[in-house]
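Visitor: Following is a predicted model, sequence given first.
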Amino acid sequence: MSAMRMLFFTMAGLIMLGIWLTGFNVVHWVLYLPVAALVFAGVTGICPGYMLFRKFGFKGQDAGSKI
């Protein structure tokens, strides 16, 4: 597992912990969207947010370069 995928899973877990501590019936449904996107990115390796910002014209990381 790559560090980026672990980051996605960790962020999704922290958001879900916040939702759980608040109460599942109190939280607005929009707060579940980033969790779903992060879990999807962690499982598949495809980040929807990254793809969206690339389409908006922001420069992305090349396939072979390191951070």
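Guide: Structure received.

Visitor: Tell me which other helices or strands the helix or strand of the chain with the lowest mean pLDDT touches.
Guide: Lowest on mean pLDDT, DSSP states H and E among the helices and strands of the chain sits helix 48-55, with a mean of 83. On a contact count with 3 or more Cβ pairs under 8 Å, 6 or more residues apart in numbering; DSSP states H and E, helix 48-55 meets helix 32-44. The C-beta positions use only the backbone N, C-alpha and C, and glycine is treated the same way.

Visitor: quick check: angle from the helix it packs on to helix 48-55?
Guide: Helix 32-44 and helix 48-55 are oriented at 90 degrees to each other (axes from the mean of the first three to the mean of the last three Cα atoms, to 10 degrees).

Visitor: In helix 32-44, which residues are buried?
Guide: Neighbour-count burial for helix 32-44 flags 35, 37-39, 41-42 (criterion: 16 or more other Cβ atoms under 10 Å).

Visitor: Closest one of the residues you listed to Ala3?
Guide: The shortest approach to Ala3 among the buried residues of helix 32-44 belongs to Gly42, at 11.5 Å (Cβ to Cβ).

Visitor: I'd like to know how far the closest one sits from Lys55.
Guide: 21 Å (Cβ to Cβ, to the nearest Å).

Visitor: Also Leu21?
Guide: Taking Cβ to Cβ, one finds Leu21 at 35 Å from Lys55.

Visitor: Which residue, neighbours along the chain excluded, lies closest to Phe9?
Guide: Once flanking residues are discounted, Phe9 sits nearest to Gly42: 4.4 Å by Cβ to Cβ, 6 or more residues apart in numbering.

Visitor: do the same with Met11
Guide: Counting by Cβ to Cβ, 6+ apart, the residue nearest Met11 is Leu38, at 5.2 Å.

Visitor: My guess is that neighbour contacts Phe9. True?
Guide: Yes - contact criterion Cβ atoms under 8 Å: Leu38 and Phe9 qualify, at 7.3 Å.
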